[in-house]
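# sequence isn't available, so here's the structure alone:
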Ligand SMILES: Cc1cc2nc3c(=O)[nH]c(=O)nc-3n(C[C@H](O)[C@H](O)[C@H](O)COP(=O)(O)O)c2cc1C
Ligand code: SF4
Ligand code: SF4
Ligand code: SF4
Ligand code: FES
C-alpha cells in the first residue's frame, strides 16, 4: 500500500489520517458540504466566479492557468448542456498527489465540483480517472453514490433548482489522455488524440458541448476558498502563486512522499528539511522540480522558491509539483534515455515534430549512452528539441523537448564525457 | 467580408473560413501565395497535424497553422519570413527522419509532394544516423490499391477520405508516436466505389493504384484536360497520355461538378480508348450477307444510296435516327441538321443506365444525355415502336447504347429495317443488324462539348489520335450529307464553327461553344437546372 497521509498536512489533507473523512458522515462531521450549501443557496454564479478569480487560484494540472478566468469562459447564456471534467488522469512521472486526494478525501473533491458546477452552470461532471487508479476510482465512485443517495447529487440539490451529477469514467492507460482534449476524445470513446484548437473546450468540449476541464487538486481548493474567503487564500503562498499545493517528492531522498506546503516554499527546504535529504550521505546532482516534463535544476540552484514566477527565471516550471531528486551517481544521459523513451512511447503521433522528434531524440541519446555518440549529436538534439517547441497541437511536444534542453543546459559535461570516452562513465545505476 | 493582408497584398476573403480555405477559395493558394501543406485537403475535414502550413500572424507570438486559423478582419499574415522558413525546414527534416530512400524505385517520383517540398523548403543535407522504420512494403489494401507503409507520412488524408467521402471507413491509424501506422482495420480490405482517389490525395508513394503503378514514369505523361464519359455527371479529369496512348484518368478539380474526386469505374474507363475491339475501318455487308472491310467512300456511297432510294420511294419519314448520349453536342447538332435537310423528324436517343449513388455516379451512364435532350432528341422507344410497325426503312444509329437491357429486343427490331447505318467506336452485337458500319472517334480523340446532367457545357479535346482512320460522328455525318449533296454540307468540316452555330439555333447554347466554355465549363444559358 502506498502512503495514506502526507508527511506534512495542511487545509487540504489535515483530516486524511481519519478513515471516516472518506465517508459522507465523517466528511459532514468536519463541516463538509456546508460551504456548498451556503454557495448554492446564497450566492450567484457570477459571485462565485469572482471569488475564485480574486483568490488567484491557479490550476494544479500543470499549466497553472487561472481557475476563475477559465470558468468565466463558459458561455453563460446557452441552451446547450454544459459539462465539467475532473481530470484525474495523473500520469506525469513523479506525480502522485491526485491519487491521495481521491482515496482519502473524495467528498472534498465532490464539494469542489459542486461549487464549480454551480458557478459554470454545468449539469454533469465526467471524472476521468486513469485506468491504473482502480482503487482511487473505487473510492470516488463510492463517495459519488453516497452523495447521490444523500441528495447532494441529482435534482434539487439543497432544495434549490440546482442539479448536478458526476459520472466516473476509467481511462485505458495513456499519458496523453491527461491532456484535456485528448481526454475528451477518450471520454467520447475515441482514440486519445488531442484536438486542434480552435475550437476550445469552453465552446466545443465533451460531446461537442461547452466544457471546463480542471485538475482534481484544483477542485479540492475551491471549498476552502469559498469557506474562508479569497483574502485568506492569498495570505498563503506567494503573491502571484497563492495557496498550498501537494508536493510529491521521489528519488534519492530519505523520506519520499507527499508534502502539503505553501507555494513558494524553497526547493532545498522541501528536499533537506522535509524529505530528509539524500540517503547514504550522498550529494544531490540534479532535481526535476515539477514532474518529468519540466526541465531539471542542478544542485547549485535548489534555493529557488517553488512558484512559477521564480522557477521561470531558472527556465523551468512548477508543473504538477512532482519533485524528483537524483544523487551524484546519476548518469544524466541515462536520465535522458528514460525521459525520451517515455515521451517517444506516449506521443499520440499526430504532429510531425512530436511523432518524429521524440523518436529521433530517444534514438540519439540511447546511442550516446551506448558509446556511439558523436560530438555533433548534442547540437542535433538541441535543434530537434527546438523544432518541437511551441509548434504542435498540444503541449506534449514542449513537455518532451524541455527536459532534454534542461539536461543539456546543466549536464552537458555528462554527454560530452560519453562521447569522449565512447562509453558510459557511470556505474549502471538502472537498466535501460 | 473580412479583409486580410498576406505578404503585403490585400485580399477580401469569405467569412467563417480558415486562412488556407480562404486563400484556396480565392484561387491563390500555391498560385501566388505559397503555403505548403500535407494534411489539409480542400475537400476533407481539417486535421492540423502535419504542421507544415505554419505562418506568421501579426500580434501572435507563436507561428500558427494556416489550415486551422480562422480569418479575421485586419489579419496581417507573413508566409516568407525567416521564422516561417525555419519552421518548414524543421517539419521537412523531421518528416524525412523515417522516410525510406526509395525515390529511384518509387512510382510516385516526379509527382511526389515530399520530393517537391523537400526540394523547395527542405534542408539539402541529412543528419540522421539512426536506422529508419522497417514496415510493410507492397501490400494490397484491396483490389485497387497497393500500400507501402514505410513511405507514409501519416497525413491521414486517406483515412479521412474513406470516412468522409464514400463513408466506408476502411482505414485507420494504429499505434502511437513513431509506431503509428496507417492500415486497414483487421479483417477488412479497402474496397469501395471511390477507393482509387486515395492514391491521388496521398502526397507520397505510399498509396498507388494497382492499375497505373510502374506503367510509365509520370514525367513522360502529358496531362490533357477532359471529361469522363462514364455517366452524366461528367467528372472533370486529366487524361495522362504518352506515345499516343492514354495511361490513366485522374480527377481534375471542379467544385461545381466532382470536387476533386472520380469513381473507380469512371477512372478505369480509359481502357476503352485503346481497346482491341475498337472499330478500325468501315465495314459493308456483302451480297453473301457478311460484313467485309470497305473504304470510307464506298461506305458513305452505299449509305447515301440507301437513304436517297428509301426517301424517294416512301418519303423522308422512313429515314430515322437514334442518337447517342456518348456523342458530343456538336456531333448531335450535325445529326439534327442532316435529318432536317433530309426532311425527317423521326429520331430519338437511347440512354444506357446503371446503378447510381449519392456521391457522383449517376444512373444515366453516358456523358451527354442532357445535351441530347436540349438538342431535341427524345426517348428511343417511340422510334423503336415505329420500326417494329414497319415504318422505318433506313436507320442511322450512333453508338451501341441500344444494347442496354432496357431496350430488350431492339436488335430484333432493327432487323426489320432495310438498312441500318451504324457509327460506332467499338464492335458490338449491334453490328449483326447493320449493313454499313463506320468507325468514329472516342471522346479522347476529338474536340467538342458535353452537357452534363445539371446542364453544364464542358469541353473535351483530342488527347490522342486514333491509330486508324476515323472521324468524329459529326464529321462522318457531315461527309454523308456532302455525299448526299445536301445544302449546307459542302466544304470541310469545322467543328469550332459548328459549336458556335449550335447557339444560334438553340439559344441555351449561345456563348457555350468549345472555345467559350473554358476549362471548367459553363451552365446552359437560362437553364433552370
Ligand atoms: C501531455 C499532457 C498531459 C497532461 N496530463 C494531465 C493530467 O494527468 N492531469 C491533469 O490534471 N492535467 C493534465 N494536463 C493538463 C491538462 O491539459 C489541463 O490543462 C488541466 O487538466 C487543466 O486543469 P487545471 O486548470 O485545473 O490545471 C496535461 C497536459 C498535457 C499537455
Ligand atoms: S504534440 Fe504530440 S501528443 Fe500532442 S497532439 Fe501532437 S503528436 Fe499528439
Ligand atoms: S498513406 Fe498517404 S494519404 Fe494515407 S496517411 Fe500515409 S501519406 Fe497520407
Ligand atoms: S461519377 Fe460518372 S463522370 Fe464521374 S468518374 Fe464516375 S462515371 Fe465518370
Ligand atoms: S496543412 Fe496545416 S497542419 Fe497540415
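Structure received. All values derive from a computational prediction rather than experimental measurement. Numbers count the residues shown, from 1 in each chain, chains lettered A, B, ... in the order given. Ligands and ions are numbered 1, 2, ... in the order given.
# quick check: the gap between residue A:125 and residue A:77.
Note on residue A:125: its distance to residue A:77, by CB to CB, to the nearest Å, is 21 Å. Any C-beta I mention is one placed from the backbone N, CA and C, and that applies to glycine too.
# which of those two has more residues huddled nearby?
It is residue A:125, of residue A:125 and residue A:77, that has more neighbours when counted by other CB atoms under 10 Å in any protein chain shown, with 28 against 5.
# if I look at that one, how far off is residue A:92?
In terms of CB to CB, residue A:125 sits 22 Å off from residue A:92.
# contact residues of the stretch 351-500 of chain B facing ligand 1?
Neighbours of ligand 1 within the stretch 351-500 of chain B, by CB under 6 Å from any ligand atom: none found.
# do the helix or strand containing residue B:371 and ligand 4 meet?
Assessed by DSSP states H and E, residue B:371 sits inside helix B:369-374. No: remark: helix B:369-374 sits outside contact range of ligand 4, by CB under 6 Å from any ligand atom, the gap being at least 11.5 Å.
# quick one: contacts of that helix?
Helix B:369-374 has contacts (CB atoms under 8 Å, 6 or more residues apart in numbering or on different chains) with B:232, B:323-325, B:327-329, B:332, B:349, B:351, B:449-455, B:457, B:506, B:508-509, B:524, B:529.
# need the contact list for residue 365.
No chain was given, so I picked chain A. When contacts are counted by CB under 8 Å, 6+ apart, residue A:365 touches A:333, A:336, A:337, A:340, A:381, A:404.
# my question was about chain B, not that one.
B:230, B:231, B:232, B:352, B:353, B:354.
# could you pull up the mean pLDDT of the lengthiest helix in chain A?
The longest helix of chain A (DSSP state H) is helix A:352-369. What helix A:352-369 shows for mean pLDDT is 97.
# that helix close to ligand 1?
No: legend: contact between helix A:352-369 and ligand 1 by CB under 6 Å from any ligand atom is lacking; minimum distance shown is 10.0 Å.
# low pLDDT regions in the stretch 301-432 of chain A?
A:429-431 (pLDDT under 70).
# mean confidence score for stretch A:227-242?
98.
# what residues of stretch B:74-94 count as buried?
For stretch B:74-94, the neighbour count (16 or more other CB atoms under 10 Å in any protein chain shown) marks B:75, B:77, B:78, B:79, B:84, B:87, B:88, B:90, B:91, B:92, B:93, B:94 as buried.
# quick one, what contacts the fourth one?
It stands for residue B:79. Listed by CB under 8 Å, 6+ apart, the contact partners of residue B:79 are B:6, B:7, B:33, B:34, B:35, B:55, B:56, B:66.
# now it: how far from residue A:123?
In terms of CB to CB, residue B:79 sits 44 Å off from residue A:123.
# can you give me the mean pLDDT across stretch B:470-482?
98.
# nope, stretch B:6-18 is what I was after
In the prediction, stretch B:6-18 has an average pLDDT of 96.
# likewise stretch A:171-180?
94.
# please identify the buried residues of that stretch?
A:171, A:174, A:175, A:176, A:177, A:178, A:179, A:180.
# now these as a markdown table including secondary structure and distance to residue B:50?
Shown next, in a markdown table, are the buried residues of stretch A:171-180 (DSSP: H, G, I helix; E, B strand; the rest coil; distance: CB to CB, whole Å):
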| residue | secondary structure | distance to residue B:50 |
| --- | --- | --- |
| A:171 | coil | 28 |
| A:174 | coil | 22 |
| A:175 | helix | 23 |
| A:176 | helix | 18 |
| A:177 | helix | 23 |
| A:178 | helix | 24 |
| A:179 | coil | 19 |
| A:180 | helix | 22 |
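# restricting to those, which residues neighbour ligand 2?
Within those, those near ligand 2 by CB under 6 Å from any ligand atom are residue A:176.
# give me the phi and psi for residue B:305.
phi -60, psi -50 (degrees, to the nearest 10).
# for it, what are its contacts?
With CB under 8 Å, 6+ apart, residue B:305 has no contacts at all.
# can you give me the pLDDT of it?
97.
# now do the one 3 residues further on
Here the pLDDT value assigned to residue B:308 is 97.
# contacts only, for the spatially closest residue to it that is not a sequence neighbour.
Nearest residue to residue B:308, sequence neighbours excluded (CB to CB, 6 or more residues apart in numbering or on different chains): residue B:484, at 6.6 Å. Each residue near residue B:484 by CB under 8 Å, 6+ apart is listed here: B:304, B:307, B:308, B:341, B:342.
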